[in-house]
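Enquirer: Fold the following.
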Amino acid sequence: MPIRLLLLADTHLPRRAKRLPDRVWTEIDRADVVVHAGDWVDESTLDALEARSRRLLACWGNNDGDGLRARLPEIARAEIDGVRLGVVHETGPAMGREKRADAAYPDLDLLVFGHSHIPWDTTTPGGLRLLNPGSPTDRRRQPDRTCMTLEIDAGIIRSVDLIRLPDPRVSEKDG
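Expert: Now for the predicted structure:
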């Protein structure tokens, strides 16, 4: 039976948006595991995800204060259906990321990260899958706000999907 993960990062609530998009809450309800790669900004978002998620795997980011840092690790790790997963906020510049990740995380199969707000999906020369879901609230230089879903089945990462979220200025019912 596949395990469904929702990948989030850089929610920045309430600075970048007042709330998470409805589609994100729908995906939280569908997910077996919610993964958040930091920059929550407020503890109430962590509280809401802890309450609503079946399982939450998360770390803190550079914009997270003492309260979030006290509750979350800098690097979160778990084994999910045979896949060794890590979650960290920052991995440094895009140039050289794969080489740095191979050196820093030789014990992982999948590393989820954030910080840039730019979706990323690559596999390093060492076989480490790197995923950045972007941001569901702040698109920065990207065309859309985003998150990702993926399925893990018997130790294999399957069906990684980038979800493009609606512009919050347009009613989600309209668009």
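Enquirer: Could you use CA atoms for every contact and neighbour count after this?
Expert: Will do.
Enquirer: Give me the distance between the two termini of stretch 133-151.
Expert: By Cα to Cα, to the nearest Å, the extent of stretch 133-151 from end to end equals 14 Å.
Enquirer: And for stretch 83-98?
Expert: Counting by Cα to Cα, you get 18 Å between the two ends of stretch 83-98.
Enquirer: Check whether Glu98 sits in a helix, strand or coil.
Expert: helix (DSSP: H, G, I helix; E, B strand; the rest coil).
Enquirer: nearest spatial neighbour of it, skipping sequence neighbours?
Expert: Spatial nearest neighbour of Glu98, chain neighbours left out: Thr124 (4.9 Å); criterion: Cα to Cα, 6 or more residues apart in numbering.
Enquirer: likewise Leu150?
Expert: Val160 (4.3 Å).
Enquirer: which residues touch the one you found?
Expert: 148-151 (Cα atoms under 8 Å, 6 or more residues apart in numbering).
Enquirer: What's the local residue count around the residue nearest to Glu98?
Expert: Thr124 has 15 neighbours, counted by other Cα atoms under 10 Å.
Enquirer: picking up where we left off before, what strands flank the strand or helix carrying the residue nearest to Leu150, and is each parallel or antiparallel?
Expert: Element membership of Val160 [criterion: DSSP states H and E] is strand 156-165. Strand 156-165 pairs in its sheet with strand 145-153 (antiparallel), by DSSP bridges.
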